[in-house]
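Trainee: coords please:
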Amino acid sequence: MRAERDILTYLAGEIAQARFLRKRPRWGHGASSDNDTAVDMAFHLFESKETIEAYLKYCCQRAKDLVDCSWSEIERLAQALVEKRTLDYEEALEVIAPGSKTLREAFAPAGRMPSAYHPCAGTHITPA
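Mentor: Predicted structure coming up:
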C-alpha cells in the first residue's frame, strides 16, 4: 500500500535522526512535520481512534526495524551527504549499494534501465 510506504518513510526519518543523535524519537503533535504528516495519513485511512493508534504503533515498530536493518547504509548515505551536500539518484544508489552501477550497466544496454527500475531517477537527495 503506497500510503503505508509513505507513513513508514516519514516515521523512519525521525527514528534514524534520533538514533544518530542518540536521543529518543519525538512523537506527538508538533514534534515534526513528518510525524504530523504520518498521523494525518493514518487518520485518512481509518475511522476508529483505537485502529489508528494500533496501526501507527505497528508502523513505528516496522520503521524501527527497517532503520535497524539498514543502519550501515543510512550511515554511509549520511556521510556522503556531509561530504557532498547533494547526491543525485545514481550517486545515492552507489553509496547505498557499492558496485551497483557496474551491475546495472552490465544488464542494460548503454547503462539505462527501464524506468520501472528508477522510481527516483532525476531526483536529488539533500540533507534537511
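Trainee: pick out the residue nearest the middle of the protein.
Mentor: residue 9 (4.3 Å; Cα atoms, centre = their mean).
Trainee: what's the strand or helix carrying that residue packed up against?
Mentor: Here residue 9, judged by DSSP states H and E, is contained in helix 2-21. The contact analysis (3 or more Cβ pairs under 8 Å, 6 or more residues apart in numbering; DSSP states H and E) places helix 2-21 against helix 33-45, helix 49-69, helix 71-84. C-beta here means a position set from N, CA and C on the backbone, and glycine is covered the same way.
Trainee: in stretch 55-66, what counts as buried?
Mentor: Buried residues in stretch 55-66, counting neighbours by 16 or more other Cβ atoms under 10 Å, are found at 55, 56, 59, 60, 63, 64, 66.
Trainee: alpha carbons of that stretch, in PDB - could you do that?
Mentor: The C-alpha atoms that make up stretch 55-66 are tabulated as PDB, following Å, rounded to 0.1, in the frame of the first residue of the first chain:
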ATOM      1  CA  TYR A  55      -1.700   1.000  13.100                       C
ATOM      2  CA  LEU A  56       0.700   3.800  14.000                       C
ATOM      3  CA  LYS A  57       2.200   1.600  16.700                       C
ATOM      4  CA  TYR A  58       2.700  -1.200  14.100                       C
ATOM      5  CA  CYS A  59       4.200   1.300  11.600                       C
ATOM      6  CA  CYS A  60       6.600   2.700  14.200                       C
ATOM      7  CA  GLN A  61       7.900  -0.700  15.000                       C
ATOM      8  CA  ARG A  62       8.200  -1.600  11.300                       C
ATOM      9  CA  ALA A  63      10.000   1.700  10.600                       C
ATOM     10  CA  LYS A  64      12.400   1.000  13.600                       C
ATOM     11  CA  ASP A  65      13.100  -2.500  12.200                       C
ATOM     12  CA  LEU A  66      13.800  -1.000   8.700                       C
END
